[in-house]
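K.L.:
sharing a model that was predicted from the sequence below.
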Amino acid sequence: MMHQAETMRSQHRLITVGAPTASGKTLGSLSRIVKSGTDAAIVLPTNELLEDQARSINQSLLQAGLTVTSNAEPTSGDESPPTERHTPLSRALSGQEKTDYAVLVVSGNRLAELAGQGSKGAALARMFAVNAKHVLLITNPDTIHLIFRARYARSGSILRELLRFKILVVDEFHLYHGTTLANLFFLLWELRNTFDQLIITTATPSQAIQRLEEFLHPHLTVSAQEASGDAGHMVRHPMRLNVMRHPQDHFLRDDRDLEIVVAYVDQLYERNRSASSAVKVLVIVNSIAFCIKLAQRLAEELGEARVSQVHSLVPSHQRRHAEVTVGTSALEVGIDFDVASILLEAGDAPAFIQRVGRAARHREAEGIAVIPSEAALYFKEHAPPSLTYSEMCRLAYAAMDEPRSYHEFLSSPECAELFAGFLYGMAHMAQDEYPNRTALDSTVNDRFQQPNFLDLAHLKNFVVSFPLRKMRTVAEAGFRGYLKSMPVYLERYNTLIRLGFFELPMLKVRRVARAEELDMKYTMVDSRELVLVVEDFVEQPYSLRMAWPNDSFKSIEHVSEDNARLDMANPGLSSIFFRLLDGLPAHATRRRPDWRLPAVKHVSRQEWLVIGLDAYLQAFLDHTAEGSS
C-alpha cells in the first residue's frame, strides 16, 4: 500500500506513520528495516502485543525468503513458511549457521526463562551474541528503560549493543502520557545521535509528536488514505455496530451491570457460535475486577473450556483465546484477532476506535459498544445508518473525550526533577555505583546536554541541587513510575508472578509463606522473600484507603509508616501491602486524579494520594491549576 511504500523508501530522521488498525503499519516499518539492511529495535507498549507482533514479523521475514533465528515461534497454518528456515534461539546460540535475521523477543518474563539461575542482564547479553547478519530486537519500553537506569547486570555492555541499532520503531505512540511520555522522551533524547531513523506509528493522533520534531529533523508524516470505489486494499470488512449507553452511566462494575453484559454476550454467542473463527465473541472491558467477574459467570454458563481471561493477573504463558475471550486494555492494541463479534466498553474516543478495530479484520462482524450516555445520545442523533471507518472515527472524537497526553508536562520543573533522576541512573552506570554529588556533577558536565523540550534555563544547577535521595528513588523506578512488586503464587495456574500494590485487592489470599516453603525454584524471588499464596480471584475487590496528616504530602514526600497508614480489614495484609508503598514518592491532591494515575483515596477526606513518579505529574497539574485560578 502507498503508506507502506512511502515508509519503506523514506530516509528522514523522523517518520510519523498515521494509519488505522489493520492497515499494515508494522509491515511498513519492517520493510524499511529490511531495505536499510541494518540492526533495529521495535518498541511495543504491552507484552501481549509484543508476542503477537513477534510472531507476525517472523512470518513476514520467512515469507520474504529470509532465514530467521528467533525465540518466537512462527504462526501456524497452511500458509506458514517452511519451518527449516526458522532456527530456535537456543540452537543459534550454540553455533548454528548464520541466519539473515535474529528476531529477539525481550521482556521480563522472557529474560527470566532464559536466565535460569543467573541474572536477566547476563541472559540479555547472551542473546546479543546470536549468530546472525542482522538483529531485530522486539521489546517493551520498560526493558530499555531498565538498561538506561543500570538496573540490569552488565547494563553498560548491553547499552553499547543497543547503541549499534540504527532504526528505532515506537509503536502505538499515543498510549504514552505524563510520566511514561517523559521517560520515553528521555530515552529518545539520549539515543538521538545513535539511530539514523525513528519511526513513530499510531492509529490516533498525538500532540506530543510535535515535541519530537524539535530535536529530530527532517520529519516526514505518512498517512494512510482511504481509497475510493474499487481501488485500494481492503483492511476492514463491513461491521454492524450497536452503540449502547452504560447501564448506570459509569464504568461497568457491579452485579446489575453484570446481568446486562452477560445477556449481551449470550446474544452474540448464540448468533455466531457456528462461525469459522476461533473466537466467537471478544469482550474488552475497562476493569480487571469486572473482567474476572464476567469471565467466571460466563464460564458457569458456557463451560470453562469455552471462556478465557486475558489481563495482567493471568500469567502470559497461560493466556489463551477461547470461543469467548474476555480481557482488558491488554487486548485493545494491535493484536490481530479473527473474531466473529465483539462487545466493548470505552470511555474515550481513542479506546473506542482501538477496540472497534479488533473486529472485522478478517471477516464481516457485529458488535456492541457500551459508552457514556451523552456519547451514546450523540451517536444516535448524528450517525447515519451506514458510514465509513473515517466517518466513524470523526464521530467518535466529536462524541467522546480524548485523554490528555500531558505533553506540556515535558516543559515543567517537575519533569526536570525526573530528568535529574534519569541522569543519576546514567551516572550510576558510568560509575558502577551510585555517585556522590561531585561525581554526578562531573558526569553530567562530561556526557549530558539539556534537552530542548525541557524549558528550564539552568538545568545543570537544578540537577546538582536536587536531593540525592530523591534522585536515587527516581533512578530506581520503573518506566511506568512504580518501584516495587511482590511475588504471588497463583494456585489456579501453578505459577509465580510479580504484582504491584494496585493489583493485590483482586486476589483471594489463602496464606503468606516464605518462598522456600513452596518447594519451587524460581529466579524471580529470594528464598526468604514473602509470597502471597493465592487461591483464586475475588468476586468483589476490597477497597484500599489511606490516612495521612493534613500537612503531609503537600509537596512531594516519600511514603513511610511515620506519615501514612493503610486502612484495611486484615491487619496482617495491611502490613505486607504497605511494604510496596514504603519509600515511594507521593503527592496529595484535592482534585480527583486522572483514572490512569495510581492513587489512593483518604479514609475520610475528599483527598487522594498519587503514588509513584506520577506524583510529579499531579504536582505539576495542581500547580498549573492554582496558577490559572
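P.N.:
Perfect, I can see it now.

K.L.:
could you give the average pLDDT over stretch 442-449?
P.N.:
Model confidence over stretch 442-449, given as mean pLDDT, is 73.

K.L.:
same check on stretch 395-409?
P.N.:
For stretch 395-409, the per-residue pLDDT values average out at 92.

K.L.:
could you point out which element follows the helix or strand of the chain with the lowest mean pLDDT?
P.N.:
The helix or strand with the lowest mean pLDDT-type score in the chain, counting by mean pLDDT, DSSP states H and E, is helix 89-92 (a mean of 62). The C-terminal neighbour of helix 89-92 among helices and strands, as given by DSSP states H and E, is strand 99-106.

K.L.:
for the next helix or strand after that following strand, name the packing helices and strands.
P.N.:
Reading on from strand 99-106 to the C-terminus, the next helix or strand found by DSSP H and E is helix 108-115. Under the contact criterion of 3 or more CB pairs under 8 Å, 6 or more residues apart in numbering; DSSP states H and E, the helices and strands touching helix 108-115 comprise helix 120-127, helix 141-148. In short, each C-beta sits where N, CA and C put it, glycine included.

K.L.:
list the buried residues of helix 108-115.
P.N.:
108-112, 114-115 (16 or more other CB atoms under 10 Å).

K.L.:
between it and helix 141-148, how big is the angle?
P.N.:
Between helix 108-115 and helix 141-148, the angle comes out at 60 degrees (axes from the mean of the first three to the mean of the last three CA atoms, to 10 degrees).

K.L.:
domain ranges for the chain?
P.N.:
When the chain is parsed with automatic domain parsing, its domains come out as 2-223, 239-399, 412-475.

K.L.:
do you know which of those domains lies nearest residue 571?
P.N.:
Across the domains of the chain, the minimum distance to residue 571, taken as CB to CB, is reached by domain 239-399, at 23.0 Å.

K.L.:
now find how far off-centre the closest one is within its chain.
P.N.:
20 Å (CA atoms, centre = their mean, to the nearest Å).

K.L.:
swap in stretch 595-603?
P.N.:
Relative to the chain's own centre, stretch 595-603 is displaced by 20 Å; criterion: CA atoms, centre = their mean.

K.L.:
check stretch 526-545 too.
P.N.:
How far stretch 526-545 lies from its chain's middle: 23 Å, per CA atoms, centre = their mean.

K.L.:
please enumerate residues in contact with that stretch?
P.N.:
With contacts defined as CB atoms under 8 Å, 6 or more residues apart in numbering, stretch 526-545 is touched by 289, 292-293, 296, 313, 486-492, 496, 501-502, 504-516, 518, 525, 566-569, 576-577, 600-603.

K.L.:
now, of those, which are buried?
P.N.:
Neighbour-count burial (16+ other CB under 10 Å) is assigned, among the contacts of stretch 526-545, to 289, 292-293, 296, 313, 486-490, 496, 501-502, 504-507, 509, 515, 518, 525, 566, 568, 576-577, 600-602.

K.L.:
just the ones of the residues you listed in strands?
P.N.:
Secondary structure from DSSP state E places 486-490, 496, 507, 509, 566, 600-602 of the buried ones among the contacts of stretch 526-545 in strands.

K.L.:
quick one: which two of those residues are the most distant?
P.N.:
Pairwise distances across those peak at 33.6 Å for 496 and 602 (criterion: CB to CB).

K.L.:
tell me what the one helix or strand residue 271 maps to is packed against?
P.N.:
Residue 271 belongs to helix 255-272 when assigned by DSSP H and E. Packing partners of helix 255-272 (3+ CB pairs under 8 Å, 6+ apart): strand 281-284, helix 288-302, strand 341-345, strand 365-371.

K.L.:
what's the closest of those to residue 608?
P.N.:
Smallest distance to residue 608 across the helices and strands packed on helix 255-272 (CB to CB): 19.1 Å, for helix 288-302.

K.L.:
what's the next secondary structure element after the closest one?
P.N.:
For helix 288-302, the following helix or strand on the C-terminal side (DSSP H and E) is strand 307-310.

K.L.:
paired strands for that following strand, with orientation please.
P.N.:
Neighbouring strands of strand 307-310 in its sheet, by DSSP bridges, are strand 324-327 (parallel).

K.L.:
list of residues touching the partner strand?
P.N.:
Residues lying outside strand 324-327 but in contact with it, judged by CB under 8 Å, 6+ apart, are 265, 269, 279-285, 291, 294-295, 298, 302, 306-311, 331.

K.L.:
would you mind writing the CA trace of it as PDB?
P.N.:
As requested, the backbone C-alpha atoms of strand 324-327 are provided in PDB (Å, rounded to 0.1, in the frame of the first residue of the first chain):
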ATOM      1  CA  VAL A 324     -15.500 -16.300  24.400                       C
ATOM      2  CA  THR A 325     -12.400 -14.300  25.300                       C
ATOM      3  CA  VAL A 326     -12.800 -11.700  28.000                       C
ATOM      4  CA  GLY A 327     -10.000  -9.200  28.500                       C
END
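
K.L.:
buried sites along it?
P.N.:
324-327.

K.L.:
repeat for stretch 474-481
P.N.:
Judged by neighbour count (16+ other CB under 10 Å), stretch 474-481 contains these buried residues: 474-481.

K.L.:
secondary structure, distance to residue 356 and pLDDT added to the residues you listed, as a markdown table?
P.N.:
Listed next are those as a markdown table, based on DSSP: H, G, I helix; E, B strand; the rest coil; distance: CB to CB, whole Å; pLDDT from 0 to 100:
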| residue | secondary structure | distance to residue 356 | pLDDT |
| --- | --- | --- | --- |
| 474 | helix | 38 | 90 |
| 475 | helix | 40 | 88 |
| 476 | coil | 39 | 87 |
| 477 | coil | 34 | 88 |
| 478 | coil | 31 | 87 |
| 479 | coil | 28 | 92 |
| 480 | coil | 26 | 91 |
| 481 | coil | 29 | 89 |
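
K.L.:
which two in those are spaced the farthest apart?
P.N.:
475 and 480 (14.9 Å).

K.L.:
how about the helices in the stretch 401-550 of the chain?
P.N.:
For the stretch 401-550 of the chain, the helices identified by DSSP state H, counting those that start in this stretch occupy 413-431, 437-447, 459-463, 468-475, in order along the chain.

K.L.:
returning to what we had before: of the ones in strands among the buried ones among the contacts of stretch 526-545, the lowest pLDDT goes to which?
P.N.:
residue 496 (85).

K.L.:
pretty sure that residue contacts residue 487?
P.N.:
Yes: Residue 496 sits in contact with residue 487 when judged by CB atoms under 8 Å, with a separation of 5.7 Å.

K.L.:
and the closest residue to residue 401 other than its chain neighbours, what are its phi and psi?
P.N.:
Distances taken as CB to CB, 6 or more residues apart in numbering place residue 348 nearest to residue 401, at 5.0 Å, with adjacent residues excluded. Per-residue torsions, residue 348: phi -140, psi 170 (degrees, to the nearest 10).

K.L.:
number the residues from 6 up from this point.
P.N.:
Sure, I'll start counting at 6 from here, so that last one is residue 353.

K.L.:
residues in contact with residue 353?
P.N.:
For residue 353, the set of contacting residues under the criterion of CB under 8 Å, 6+ apart consists of 405-408.

K.L.:
ok, 6 Å please
P.N.:
Under the criterion of CB atoms under 6 Å, 6 or more residues apart in numbering, the contact list for residue 353 reads 405-406, 408.

K.L.:
among these, who's most crowded?
P.N.:
residue 405 (23 neighbours; other CB atoms under 10 Å).

K.L.:
so it touches residue 380, yeah?
P.N.:
Yes: contact between residue 405 and residue 380 holds when scored by CB atoms under 6 Å: they sit 4.7 Å apart.

K.L.:
no further queries at this time; thank you.
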